[in-house]
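In: predicted model and sequence below, questions to follow.
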Amino acid sequence: MMLCTRVEARDFRALFARCLAGRPRGPAPPVVVRFREGTRAVASTTTDGVTLTHTATAEEGDEWVVLPGSVLGDVSGNTDEGVRLDRQSKLRGVLHVPGGRTPQTLAVGLIIPGKQHERPATPDLLPVTPKFLVALHECGCTTAREPGRFALTRVQIQGRAGRVVATDGKAALLCEGFTFPFAEDVLVPAVPVFGSKPLIPIRDARVGRTETHLVVAVGPWAVWLPVDARGRYPDVAALISRQPTTVVEVDPGDAAELINVLPGLPSHRDENRPITIDAADAVTIRGRGESVDNTQEVILARSRVHGPAFHVALDRRLLTRALALGCHAWKLTPGKPFSAEGAGVTLVAAPLDPTLIVPPRIDAMKCPTETPVTPAEHPAPITQRRSDMPPSDTNGHTPSRGDPPDPLLVAEELREALAGAAVTAARLVTILKVGRKEKKVLSSILANLRQLGLDAGGPQQ
């Protein structure tokens, strides 16, 4: 029987690694391959209950086999050549892996299928815009690291409102404009799989719901997210001011320039990385270092302010993310969080302590966005919670984060680098050994010369 192609094994392994919210624990879960009605379904489930499946057409009759999860690493490759399994008994088999002049054969232990390996029937799946994958990806980056009184480690899917919501208690992201085939609100794990490279070019996205899972299908792939029925979630939408006191309309050109200079404004090494948004006659973004003399201002010359003057201190990382998501309408209201709105996307952020607001200074370095800005200091790199891959569809927005390298490719590069280092180390050891031998020979010659008195011009007395 043909289990999969080598490239399918590679992509399955890469995607499954990103179905985990944290680091993997214990051995790799088993892989279930099920043949039924002309299809082949490969599935595996994480310890947190997230299941990844891949479906393809097949010629085999109804049958299934369960293999150790480590098999995926043994058969992964970059070709569409099929990996075949020859069963020798219920517990033993031989894998035939094509590649090179001679196909590789690997003995493999099989696992007896049981009820725990059964998969429920796939629910009816409704087509949804690929922007839904972007929403799941971006909201997954906004959740909290640790659980608390509220289920802030989860992403909330609001069925009736057609909205995806996430918050870590300091910032919140709301993505709306979707149509779901269910009305209730559900909480699901935040996993980075929806921003993964194998899913990016696929435009076919569908969503459905069972009693226990939210199913998100992307082409031949499907991710089954277990529903947290006990978790409680705050009313994030209530944080947004419906009648803001002051509204800032950020020009797209200003936004593009500001996103590049924000990291270099003074105080970037502070824990909160504060900047001041000064919305008065003009929109000014201000940063100050340890000395009041080290104040720098970026004037958004093409942006506009509607309403009374307003000042707020904000973590520049949140402002950068708002700009990257295309949120160019800033709503400012006393006693309310800062909110930035874009096309179907709203970022809400808690302002910093008012004592961090930097007042204007006449001698501050002023740089309008129409003029190239040279940061006063070189920013230290910011360590993100997790590296995120480019979203499947940016909805016209600049992606907020980059795609981390494929871990399999990085591991291969590391292996090659270590092999090269081992060769270099061996050469160094050889050179040192030869050097010690040469030193011994020279020492012996010098000793003989001293005995002969040739090293100092005459014989020793």
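Out: Structure received.

In: quick check: mean pLDDT across stretch 264-275?
Out: Across stretch 264-275, the average pLDDT comes to 86.

In: pull out the buried residues from it.
Out: Using 16 or more other C-beta atoms under 10 Å as the test for burial, stretch 264-275 gives Gly264, Leu265, Pro266, Ser267, His268, Asp270, Arg273, Pro274, Ile275. Glycine gets a C-beta too; all of them are placed from N, C-alpha and C.

In: beta-bridge partners for Ala56, please?
Out: Arg40 (DSSP bridges).

In: that older thread, which of the buried residues of stretch 264-275 lies closest to Arg230?
Out: Arg230 lies nearest to Arg273 out of the buried residues of stretch 264-275, by C-beta to C-beta, at 35.8 Å.

In: and the closest residue to the closest one other than its chain neighbours, how many neighbours?
Out: Nearest residue to Arg273, sequence neighbours excluded (C-beta to C-beta, 6 or more residues apart in numbering): Arg316, at 4.8 Å. For Arg316, the tally of surrounding residues (other C-beta atoms under 10 Å) stands at 23.

In: now Thr102
Out: When neighbours are counted by other C-beta under 10 Å, Thr102 registers 7.

In: ok, the residue nearest to Cys19 when sequence neighbours are not counted to Val215 distance?
Out: Leaving out its chain neighbours, the residue that sits closest to Cys19 by C-beta to C-beta, 6+ apart is Val50, at 4.5 Å. Here Val50 is placed at a distance of 11 Å from Val215 (C-beta to C-beta, to the nearest Å).

In: can you check which residues contact both of those two?
Out: Val223, Trp224, Leu225 (C-beta atoms under 8 Å, 6 or more residues apart in numbering).

In: sitting in strands, which of the residues you listed do you find?
Out: Counted as lying in strands by DSSP state E, out of these, are Val223, Trp224, Leu225.

In: got the contact list for the second one?
Out: Yep, that's Trp224 we're talking about. Trp224 sits next to Val50, Thr51, Leu52, Thr53, His213, Leu214, Val215 when contact means C-beta under 8 Å, 6+ apart.

In: the last one too?
Out: Contacts for Leu225 were tallied using C-beta under 8 Å, 6+ apart; they are Val50, Val188, Pro189, Val191, His213, Leu214, Val215, Val216.

In: burial of the fourth one, as a residue count?
Out: Meaning Val191. Val191: 23 neighbours (other C-beta under 10 Å).

In: residues contacting it?
Out: Val191 makes contact with Arg18, Cys19, Leu20, Ala21, Val50, Gly140, Val223, Leu225, according to C-beta under 8 Å, 6+ apart.

In: again, 7 Å this time
Out: Taking C-beta atoms under 7 Å, 6 or more residues apart in numbering, we find Val191 in contact with Arg18, Cys19, Leu20, Ala21, Val50, Gly140.

In: same question for the third one.
Out: Residues in contact with Pro189 (C-beta under 7 Å, 6+ apart) are Ala21, Asp48, Val50, Arg154, Leu225, Pro226.

In: the fifth one pairs with what?
Out: When bridges are called by DSSP bridges, Leu225 pairs up with Leu214.

In: ok so, going back, can you redo the contacts of Val191 as JSON lines with secondary structure and pLDDT?
Out: Formatted as JSON lines, the contacts of Val191 follow (DSSP: H, G, I helix; E, B strand; the rest coil; pLDDT from 0 to 100):
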{"residue": "Arg18", "secondary structure": "coil", "pLDDT": "95"}
{"residue": "Cys19", "secondary structure": "coil", "pLDDT": "95"}
{"residue": "Leu20", "secondary structure": "coil", "pLDDT": "90"}
{"residue": "Ala21", "secondary structure": "coil", "pLDDT": "81"}
{"residue": "Val50", "secondary structure": "coil", "pLDDT": "97"}
{"residue": "Gly140", "secondary structure": "helix", "pLDDT": "95"}
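
In: and which of those is nearest Ser196?
Out: Looking across those and measuring by C-beta to C-beta, the closest to Ser196 is Arg18, at 5.2 Å.

In: one step back: closest to Ala301 among the contacts of Trp224?
Out: Leu214 (45.6 Å).

In: which ones are touching the closest one?
Out: Contacts of Leu214 (C-beta under 7 Å, 6+ apart): Ile157, Val186, Val188, Leu225, Val227.

In: and of the residues you listed, the nearest to Asp86?
Out: Among those, Leu225 lies closest to Asp86 (C-beta to C-beta), at 35.6 Å.

In: roughly how far apart are that closest one and Glu146?
Out: Taking C-beta to C-beta, one finds Leu225 at 20 Å from Glu146.

In: and if you look at Ile200?
Out: Applying C-beta to C-beta, the value for Ile200 to Glu146 is 30 Å.

In: the two: which is more packed in?
Out: Ranked by neighbour count (other C-beta under 10 Å), Ile200 and Glu146 place Ile200 first, with 18 against 7.

In: so, low pLDDT: which residues of the protein?
Out: Low-confidence segments of the chain (pLDDT under 70): 100-101, 370-461.

In: show me it divided up by domain.
Out: Here the domain parsing of the chain from automatic domain parsing is 2-117, 126-237, 240-368, 406-461.

In: spit out the contact partners of Gly140.
Out: For Gly140, the contact set (C-beta under 7 Å, 6+ apart) comprises Val155, Ala166, Ala190, Val191, Pro192.

In: swap in Pro244?
Out: Contact analysis of Pro244 by C-beta under 7 Å, 6+ apart lists Lys331, Leu332, Thr333.

In: now with 10 Å?
Out: His306, Gly307, Phe310, Ala329, Trp330, Lys331, Leu332, Thr333, Pro334, Lys336, Ser339, Glu341 (C-beta atoms under 10 Å, 6 or more residues apart in numbering).

In: still on that earlier bit, closest one to Val33 out of the contacts of Gly140, please.
Out: Distance to Val33, by C-beta to C-beta, is smallest for Val191 among the contacts of Gly140, at 22.7 Å.

In: list the contacts of Leu199.
Out: 11, 15, 18, 130, 133, 137, 193, 205, 218-219, 221, 223, 389, 391-392.

In: quick one: which of those residues is nearest Val250?
Out: Set against Val250, the nearest of those by C-beta to C-beta is Pro391 (21.4 Å).

In: how about the helices in the stretch 101-250 of the chain?
Out: Per DSSP state H, counting those that start in this stretch, the stretch 101-250 of the chain carries helices over the ranges 131-140.
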